Structures are given as C-alpha cells and as structure tokens.
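1. any chance you could fold what I've pasted below:
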Amino acid sequence: MRFSFIFIIIIMLSSCSHKAAFNNIHYYQFYGQNNKLSITKKDDNAILVISDIVLPSSLNNRGIAMRISKQQFQNANWHQWNSAPDEMLLSITQGNLASLETNWLVLTKSTPHISLIAKKHAFYEVKWTLTRFNGGLNNNAEIAGMWQIFKHQTDGDISIIQQEYFTEQTTLTKDGYQALVGALEITWLKINKDFMLALENITKLDD
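-> Below you'll find the model as predicted:
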C-alpha cells in the first residue's frame, strides 16, 4: 500500500515537471513588412515567383540554431521558431520583396492558379539556398547562402540569368534569443533589399 502511494506521488511530480518544462518553451517568428500590404496585378507588372527556400536540416530545425564552434551547431531546446524556418522565410520574403518594389507582382509556387499564370505570362523565378541561418560566435546573427534567378518563357523554355553568393552578419544589440531573432530579421531584410536591387539591374539588361 505504501509503495503504491509513493509510486502515485512520483507520477504526479513527473507530470508537473513535464508541464513546467513545456510551459518554459519560448516561440519566435519574424514580424514582417507586409502588415498593410495590398498586391494588385497590372498590365505592366513584372512577375517574380519565389521557390521554396532550402536550408539544411540543422538550420531548418524548430530549435533556433547557434554556432558553438567553426564546425559545429547546436539547436536550442527551449527557444524555438513558431514554424519551420523555410516556411517562415518564404512567407516573410514574399512580403519583404513586394513592399520593396511595387512594380513587381511577387508570388510563390503555392499561389493558386500559378500554372495558368505561367502559360500566359513570362516570369522570373528566384531560388534561395541558405548555408547559415544562426547565431554566431561573436554575439552576432549570420546568414549566408546563394540565390539563383531563372527566366520562364510562355513556351516553357527556362534559362538561368544569374547566380550570386552572399554572407551577411549583424551584431546583437543585447544578449538573448529575442535579440538574436531581431538581428536575423534585420539581416534577412538587407539580403532581400540587395537581391531586389540586383534583380532590377538584371532585368534592365535582359529587356
């Protein structure tokens, strides 16, 4: 009888401990630039389609990635992204690019009827591959990778226009994961701005 009572107490304490640990998880996401954004197709709009944003599994983990050496990452247990980073970045990037340049209609591959749009209009496609999306060793946020721009013709012909590699870092304003997430968002917005500027220059030459 005494053993059963002790066993029940242990189970109750274990359950409370599990609930307390679960409640200690902090979730984060980028705030974004598209809170009051309206996108309307006009006859002279160029179309940009964003492909899926690819990250290695260690960086696409819900646990925020921290570099602990030049060769090693560690994912946080109690500080997690609200959704998978590739999903968050895809949504945020669409809003960022659309807010930066109103002459472009910015879509994703999940946009309804995208295949019908592709048959009627030539469009550009950007593919992103990230190799860094994490906290760095020097109290900083770091993002690195590459983007590729493809041009799709209405007849189905596809050609690569340009490929560019990038590495960006932002120093944290203070310690902590909230500051790290803010620095990562600032860094990603700068990368988006640099990409949009490059795209404008590329398409001027391509016309």
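2. alpha carbons only for contacts and neighbour counts from here, please
-> Noted.
3. next up, the contacts around residue 172.
-> 139-141, 179-180, 183 (CA atoms under 8 Å, 6 or more residues apart in numbering).
4. and it, what pLDDT?
-> Note on residue 172: pLDDT of 97.
5. Provide the backbone phi and psi angles at it.
-> phi -70, psi 140 (degrees, to the nearest 10).
6. so how far is residue 95 from it?
-> Counting by CA to CA, to the nearest Å, the separation of residue 172 from residue 95 is 24 Å.
7. so where's the chain shaky on pLDDT?
-> 1-23, 33-44, 102, 207 (pLDDT under 70).
8. how about the residue positioned nearest the centre of it, nearest residue that isn't a chain neighbour?
-> Per CA atoms, centre = their mean, the C-alpha nearest to the average position across the chain is that of residue 89, at 2.0 Å. Computed as CA to CA, 6 or more residues apart in numbering, the closest residue to residue 89 that is not its neighbour in sequence is residue 53, at 7.1 Å.
9. could you do residue 184 as well?
-> residue 141 (5.5 Å).
10. and the one you found, bridged to which residues?
-> residue 135, residue 170 (DSSP bridges).
11. could you do the one 4 residues further on as well?
-> In this structure, residue 145 has beta-bridge partners residue 130, residue 166, where bridges are defined by DSSP bridges.
12. number of nearby residues for it?
-> Number of residues near residue 145 (other CA atoms under 10 Å) recorded here: 17.
13. how near is it to residue 132?
-> On the measure of CA to CA, residue 145 and residue 132 end up 7 Å apart.
14. likewise residue 143?
-> 5 Å.
15. and the helices in the protein?
-> Ranges of helices within the chain are 2-23, 85-100, 114-120, 177-206, based on DSSP state H.
16. want to throw those helices into JSON lines with distance to residue 49?
-> Below are those laid out as JSON lines (distance: least, CA to CA, whole Å):
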{"stretch": "helix 2-23", "distance to residue 49": "38"}
{"stretch": "helix 85-100", "distance to residue 49": "9"}
{"stretch": "helix 114-120", "distance to residue 49": "9"}
{"stretch": "helix 177-206", "distance to residue 49": "12"}
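17. just these: most buried one?
-> With neighbours defined as mean count of other CA atoms under 10 Å, those peak in mean count at helix 85-100, which reaches a mean of 20.
18. can I get it in PDB, CA atoms only?
-> Presented in PDB, the C-alpha positions along helix 85-100 are these (Å, rounded to 0.1, in the frame of the first residue of the first chain):
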ATOM      1  CA  PRO A  85      12.300  28.400 -40.800                       C
ATOM      2  CA  ASP A  86      11.800  27.600 -44.500                       C
ATOM      3  CA  GLU A  87       8.100  28.200 -44.200                       C
ATOM      4  CA  MET A  88       8.500  31.400 -42.200                       C
ATOM      5  CA  LEU A  89      11.200  32.700 -44.600                       C
ATOM      6  CA  LEU A  90       9.100  32.000 -47.700                       C
ATOM      7  CA  SER A  91       6.100  34.000 -46.300                       C
ATOM      8  CA  ILE A  92       8.300  36.800 -45.000                       C
ATOM      9  CA  THR A  93      10.300  37.100 -48.200                       C
ATOM     10  CA  GLN A  94       7.100  37.500 -50.300                       C
ATOM     11  CA  GLY A  95       6.000  40.400 -48.100                       C
ATOM     12  CA  ASN A  96       9.500  41.900 -48.000                       C
ATOM     13  CA  LEU A  97      10.000  41.900 -51.800                       C
ATOM     14  CA  ALA A  98       6.500  43.100 -52.500                       C
ATOM     15  CA  SER A  99       6.900  46.000 -50.100                       C
ATOM     16  CA  LEU A 100      10.300  47.000 -51.500                       C
END
